[in-house]
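Undergrad: Give me the fold of what follows.
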Amino acid sequence: MKQIAQDLLQINAVALSPQKPFVWASGIKSPIYCDNRLTISYPKIRRRIAQGLAALIKKSFPGTEVIAGTATAGIPHAAWVAAELNLPLVYVRSKPKDHGQGRQIEGVLKAGQKTILIDDLISTGGSVLKAVAASQKEGADVIGVCGIFSYQLNAAEDNFAAAKIPFETLTNYGELIDVAEERSLITAEEKGLLKKWRQNPEHWLK
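TA: Numbers count the residues shown, from 1 in each chain. As a prediction, this is how the structure comes out:
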């Protein structure tokens, strides 16, 4: 967990700004912005991520038969993990195509196959759980979700629990801010602000 957190900070995939928060599309003000798409441009890091996710799947989700990537950010990582595990790959669109056969899932996904969804980032879990629902609609037995990073928001825990889907990530918010403090990227005071945000993101600055 620590190594991946260091990797994300090293390539500026994660930006921390507790004094001048970012504004998410939802309108929530956040002291962190995470763009894991940058990882695909760094061979050593993306390899470490693929190996880490593969090991996580072997440990937590034995019996996995299909790796599914969420469009778009989860697709490259899912492809590398599928290659690592020598398993079939599919990917799930955010919505069905509006032409051709109207597919939402590309690749061969058979009913009853034990499937893992891979996304790059878990915030509230909303987008990846839509992909889970689409896969289940096709008859897949979705046994879990794996990602690179989680904000560790209570909303994600609640949403995954409601969907009865377990999830695992290579690293998370708590680990990342610990590493950031160790590397003197943030002060102890700023770390305190970052902790408060995770506890109550919607009312953090109110």
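
Undergrad: what about the strands in this protein?
TA: 14-16, 22-23, 29-30, 32-34, 66-70, 89-92, 105-106, 114-122, 141-150, 167-172 (DSSP state E).

Undergrad: what pLDDT does Gly100 get?
TA: You'll see Gly100 listed with a pLDDT of 61.

Undergrad: just the one 10 residues further on next, same as before
TA: Lys110 carries a pLDDT value of 94.

Undergrad: Please report the distance of it from Ile11.
TA: 37 Å (CB to CB, to the nearest Å). Backbone N, C-alpha and C define where each C-beta goes, glycine included.

Undergrad: Neighbour count: the two, which is higher?
TA: Ile11 (15 against 12; other CB atoms under 10 Å).

Undergrad: highest average neighbour count across the strands of the chain?
TA: Mean neighbours per residue, mean count of other CB atoms under 10 Å, is largest over these for strand 66-70, with a mean of 28.

Undergrad: Contact partners for the residue nearest to Asn172 when sequence neighbours are not counted?
TA: Of all residues not flanking Asn172 in the chain, Ser150 sits nearest, at 4.5 Å (CB to CB, 6 or more residues apart in numbering). Counting by CB atoms under 8 Å, 6 or more residues apart in numbering, Ser150 touches 121-122, 156, 167, 169, 171-173.

Undergrad: wait, Lys195 sits on Ile177?
TA: Yes. Between Lys195 and Ile177 there is a contact under CB atoms under 8 Å: 7.3 Å.

Undergrad: Would you mind telling me which of those two has more residues around it?
TA: For Lys195 versus Ile177, neighbours defined as other CB under 10 Å are more numerous around Ile177 (26 against 13).

Undergrad: pretty sure that one is touching Gly192, no?
TA: No. If you go by CB under 8 Å, Ile177 and Gly192 don't touch, sitting 9.9 Å apart.

Undergrad: Give me the below-cutoff pLDDT ranges for this structure.
TA: 97-102, 205-206 (pLDDT under 70).

Undergrad: So for this protein, the centremost residue is which one?
TA: Leu121 (2.6 Å; CA atoms, centre = their mean).

Undergrad: Report the beta-bridge partner residues of that one.
TA: Phe149 (DSSP bridges).

Undergrad: Would you confirm that it contacts Cys146?
TA: No. If you go by CB under 8 Å, Leu121 and Cys146 don't touch, sitting 11.6 Å apart.

Undergrad: Residues in contact with the lengthiest helix in the chain: which ones?
TA: In the chain, taking DSSP state H as the definition, the longest helix is helix 43-60. For helix 43-60, contacts defined as CB under 8 Å, 6+ apart pick out 3-4, 7, 11, 39-40, 64, 67, 76-77, 80-81, 83-85, 116, 118, 144, 146, 148, 166, 168, 170.

Undergrad: same thing with stretch 156-176?
TA: Taking CB under 8 Å, 6+ apart as the rule, stretch 156-176 contacts 1-2, 4-5, 8-9, 14, 32, 49, 52-53, 56, 60, 122-126, 129, 132-133, 142-152, 194, 198.
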